[in-house]
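Chemist: need the 3D shape of this:
(one chain, ligands or ions: 1)
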Amino acid sequence: MFAKVESQSNGIDLIKIDNEETKIVFTNYGARIVSWKFDDNNIVLGNVVEADEFYQENPFNFGATIGRYGGRIADATFELDGKTYHLDKNNNNHNIHGGPKGLDTQFFDYEVIEQVGQIKIVFTTTIKSENDHFPGDIDLEIIHTYDIDHKWTIEYKATATEKTLFNPMNHVYFNLNRDNNVIDNHCISSSKLDMYLLDEENIVASLEPVDLIHKFGSESIQFKDIFNSEDGVIQEQMSRYGGIDHPFDIGNNEMTVENKHFLLKVQTDMPNVVIFTFNDTTSWESDFNIYKAHSGFTLETQCIPNDINLLGEEAPSIIEAGQPYYSKTSYKIFEKGKEQ
Ligand code: G6D
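Modeler: Take a look at the predicted model:
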C-alpha cells in the first residue's frame with residue numbers, strides 16, 4: 001500500500017493511494033474524495049484526469065467536505081442565545097451546505113502519514129465567521145484514513161472560538177454498478193429506515209418520520225421500490241423530487257447499500273443520514289456533465305438539516321466555545337463472492 005501526490009494546475013493536488021485491488025484518490029480542494037476504484041470499477045462519481053477544471057465548476061458538490069453546516073437552513077436565518085443570524089441565501093431563500101464559501105470551495109493544508117496497514121491524510125483549515133456569517137471561527141482537522149481492508153474513514157476534529165453550529169459531512173456519490181447505469185437497482189438495508197418528509201422547498205416538514213421498514217415489510221429495500229411506491233405519502237414525495245433527498249434515522253448507527261456485485265457498509269456516530277439520489281442533473285451546462293438522474297446516491301452522515309430551527313437549543317449541531325468536537329464515519333466496500 002502506498003501514496004503519491006500529483007500536482008495539477010490551480011493549486012489542486014491529487015493524493016493517490018494504491019491498495020492493489022482498490023485505489024482511492026483525495027484532493028486538497030474541499031478535502032474531497034475524487035475517485036475510488038475496486039479493480040476497474042469506479043464506485044464513486046468524480047474526475048481524476050481533469051480535476052483542476054472539473055471540481056471548480058461542479059455544482060453538485062461531488063465528494064466534497066461540506067460545512068460548516070450540511071443541508072439547508074430555512075430562510076438562511078437562525079437564532080442562537082437570543083441573537084438572530086442572517087446567512088447567505090444560496091438556494092432560493094435558504095442557505096445550503098454552509099453557503100457559497102463553504103468548505104467545498106476551500107483549499108486545505110495537508111499531511112500524508114503512511115502507517116502499517118493504513119494511510120492517513122490530515123487536512124486542516126480554519127472556518128472564518130467573516131466568510132460564512134455563522135458565529136465563531138472553527139479550527140478544523142479532517143482525517144481521511146484508508147486501510148488495507150478497503151475501509152475509508154473520515155474523522156472530524158474541531159474547536160470553535162464561540163458557541164456556534166457545526167454539522168459537517170462528506171458529499172460523495174456512490175454507484176456500485178459495473179456499467180455505471182442508474183442506481184435504481186441498489187438495495188438499502190438497516191434495522192431502522194425512518195424517512196423524514198420534506199415540504200415544497202426541501203425543508204424537513206415534520207419530526208415524525210415515516211417507517212419504511214414497516215411500509216415495505218422488509219429491512220432491505222430497493223431504491224426503485226421507493227421511487228415507484230404506490231403509498232400516497234411516499235409517492236407524493238418521490239414525484240415532487242424525482243427521487244430521494246431525505247434525512248433518515250438508521251438502526252445501530254449502521255446501514256448497507258448493495259447491488260449484485262458489491263456491498264458498501266456505512267458506520268457513523270452522527271444521528272442521521274441524508275440520502276440523495278441525484279434527482280436532477282440538468283442544472284450544470286458543461287461538457288463535463290455526463291450525468292443523468294440517479295447516476296449516483298449520497299450517504300451524508302450528519303445532524304438533521306435545519307435542526308436549529310426545528311429544535312432550538314436542543315439542536316445536536318450546536319457546539320460550545322473551546323469544547324473539542326469529534327465525529328467519525330466509515331465506508332467499507334466488499335466485493336461479493338470474496339472472503340474478506
Ligand atoms: C444535497 O439535499 C441536497 C440536494 O437537494 C442538493 O441538490 C445537493 O446537495 C447538491 O444533498
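Chemist: chain neighbours aside, what residue packs nearest to Ile138?
Modeler: Nearest residue to Ile138 in three dimensions, chain neighbours excluded: Ile127, at 4.3 Å (C-beta to C-beta, 6 or more residues apart in numbering). The C-beta positions use only the backbone N, C-alpha and C, and glycine is treated the same way.
Chemist: and Ser283, how close does it get to the ligand?
Modeler: 8 Å (C-beta to the nearest ligand atom, to the nearest Å).
Chemist: could you report the pLDDT at that residue?
Modeler: According to the prediction, Ser283 has pLDDT 94.
Chemist: surely it meets Pro59?
Modeler: Yes. At 6.3 Å, Ser283 counts as touching Pro59 under the criterion of C-beta atoms under 8 Å.
Chemist: excluding chain neighbours, what is closest to the residue of the stretch 151-300 of the chain found nearest the ligand?
Modeler: Residue of the stretch 151-300 of the chain nearest the ligand, by C-beta to the nearest ligand atom: Phe276 (3.6 Å). Ranked by C-beta to C-beta, 6+ apart and with sequence neighbours excluded, the top spatial neighbour of Phe276 is Thr298, at 4.4 Å.
Chemist: count of neighbours near that neighbour?
Modeler: Per other C-beta atoms under 10 Å, the neighbour tally for Thr298 reads 25.
Chemist: please apply the same query to the one 10 residues further on.
Modeler: Using other C-beta under 10 Å, the number of residues around Ile308 comes to 24.
Chemist: who's in contact with it?
Modeler: Ile73, Phe78, Glu79, Leu80, Leu165, Ala315, Ser317, Ile318 (C-beta atoms under 8 Å, 6 or more residues apart in numbering).
Chemist: beta-bridge partners for the second one, please?
Modeler: In this structure, Phe78 bridges to Tyr85 when assessed by DSSP bridges.
Chemist: quick one: it from Val25, how far?
Modeler: 36 Å (C-beta to C-beta, to the nearest Å).
Chemist: quick one: average pLDDT of stretch 122-139?
Modeler: Mean predicted confidence for stretch 122-139 is 98.
Chemist: re earlier: got a winner among the contacts of Ile308 for most neighbours?
Modeler: Ile73 (28 neighbours).
Chemist: contact partners for that one?
Modeler: Leu87, His94, Asn95, Ile96, Pro305, Asn306, Ile308, Asn309.
Chemist: got the phi/psi numbers for the closest residue to the last one other than its chain neighbours?
Modeler: What it means is Asn309. Counting by C-beta to C-beta, 6+ apart, Asn309 lies nearest to Ala74, which is 5.3 Å off, once chain neighbours are set aside. Ala74 has phi and psi values of phi -60, psi 140 when expressed as degrees, to the nearest 10.
Chemist: same question, Leu311
Modeler: According to degrees, to the nearest 10, Leu311 has phi -120, psi 0.
Chemist: how near is it to Val204?
Modeler: Leu311 is 11 Å from Val204, by C-beta to C-beta.
Chemist: between the two, which is the more surrounded one?
Modeler: Neighbour count, other C-beta under 10 Å: between Leu311 and Val204, Val204 has more, with 22 against 15.
Chemist: tell me the pLDDT of the nearest residue to that one once chain neighbours are set aside.
Modeler: Among residues not flanking Val204 along the chain, Tyr196 sits closest, at 5.1 Å (C-beta to C-beta, 6+ apart). Per-residue confidence (pLDDT) for Tyr196: 98.
Chemist: you'd agree Tyr196 is up against Asp211?
Modeler: No. Using C-beta under 8 Å, Tyr196 is not in contact with Asp211; the gap is 11.3 Å.
Chemist: tell me the spacing between the closest residue to Asn306 other than its chain neighbours and the ligand.
Modeler: Nearest residue to Asn306, sequence neighbours excluded (C-beta to C-beta, 6+ apart): Ala74, at 5.2 Å. Counting by C-beta to the nearest ligand atom, the separation of Ala74 from the ligand is 13 Å.
Chemist: quick one, strands of the stretch 101-250 of the chain?
Modeler: With strands called from DSSP state E, counting those that start in this stretch, the stretch 101-250 of the chain shows them at 109-115, 118-127, 138-147, 151-160, 164-165, 169-170, 173-174, 187-189, 193-195, 210-211, 220-222, 245-250.
Chemist: mind putting those in a markdown table, distance to Glu230 included?
Modeler: Putting the strands of the stretch 101-250 of the chain into a markdown table (distance: least, C-beta to C-beta, whole Å) gives the following:
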| stretch | distance to Glu230 |
| --- | --- |
| strand 109-115 | 49 |
| strand 118-127 | 45 |
| strand 138-147 | 41 |
| strand 151-160 | 37 |
| strand 164-165 | 39 |
| strand 169-170 | 32 |
| strand 173-174 | 27 |
| strand 187-189 | 19 |
| strand 193-195 | 16 |
| strand 210-211 | 14 |
| strand 220-222 | 14 |
| strand 245-250 | 18 |
